[in-house]
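K.L.:
Attaching a predicted model along with its sequence, questions to come.
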Amino acid sequence: MTLAPGLRAQSLLVVEMDDTAKSVGSGDVPVLATPRLLALAEAATVRAVERHLAPGQTSVGTRVELEHVAASPLGTRVRVGVELTRVDGRRLTFAFEAHDEHAVVGKGTIERVVVDRVRFLAASERR
């Protein structure tokens, strides 16, 4: 595993009906849903580190802090950029910021932990 602060990645999305608060059940308006924004940010964190993990390793989300500060209506392009800001053993901390064509729409931090995929899945099945 060769992980160091500074790794970056991004995710892009054009807001469609399936991405809205109304569709995912987190509200009743046709704008980008907060859970969808989080999923977009998490996808970027996965992309940032996937090539840097040892064979058999993956990372799993453990903690999130998210501010969703502006609405993005249907048809809006949203870009989420993430940066690995801290590596503490297996624990990875990312900062992220989401923008649409007009402004910052969200920001926060995501924590992930590097795990052995087989052991992690075996432990999840014992629960």
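P.N.:
The structure has been received and is ready for your questions. Numbers count the residues shown, from 1 in each chain.
K.L.:
in which helix or strand would I find the residue nearest in space to the middle of the chain?
P.N.:
Nearest residue to the geometric centre of the chain (Cα atoms, centre = their mean): Glu42, 1.5 Å. In this assignment (DSSP states H and E), Glu42 forms part of helix 34-49.
K.L.:
what packs against that helix?
P.N.:
If contacts are counted by 3 or more Cβ pairs under 8 Å, 6 or more residues apart in numbering; DSSP states H and E, helix 34-49 sits against strand 8-14, helix 21-24, strand 57-68, strand 77-88, strand 91-99, strand 104-116. For glycine as for every other residue, the C-beta is placed from the backbone atoms N, C-alpha and C.
K.L.:
Residues contacting it, please?
P.N.:
3, 7-11, 13, 19-21, 24, 26, 59, 61, 64, 66, 68, 78, 80-84, 92, 94, 96, 98, 105-106, 108, 110, 112, 114 (Cβ atoms under 8 Å, 6 or more residues apart in numbering).
K.L.:
7 Å instead, please
P.N.:
With contact meaning Cβ atoms under 7 Å, 6 or more residues apart in numbering, helix 34-49 is reached by 3, 7-11, 13, 19, 24, 26, 59, 61, 64, 66, 68, 78, 80, 82, 84, 92, 94, 96, 98, 106, 110, 112.
K.L.:
and what of stretch 119-127?
P.N.:
Val60.
K.L.:
in it, what counts as buried?
P.N.:
For stretch 119-127, the neighbour count (16 or more other Cβ atoms under 10 Å) marks no residue as buried.
K.L.:
Could you number the chain from 48 rather than 1 from now on?
P.N.:
In the new count, where the first residue is 48, that last one comes out as stretch 166-174.
K.L.:
Give me the mean pLDDT for that stretch.
P.N.:
Across stretch 166-174, pLDDT averages out at 91.
K.L.:
repeat for stretch 109-122
P.N.:
Stretch 109-122 shows a mean pLDDT of 98.
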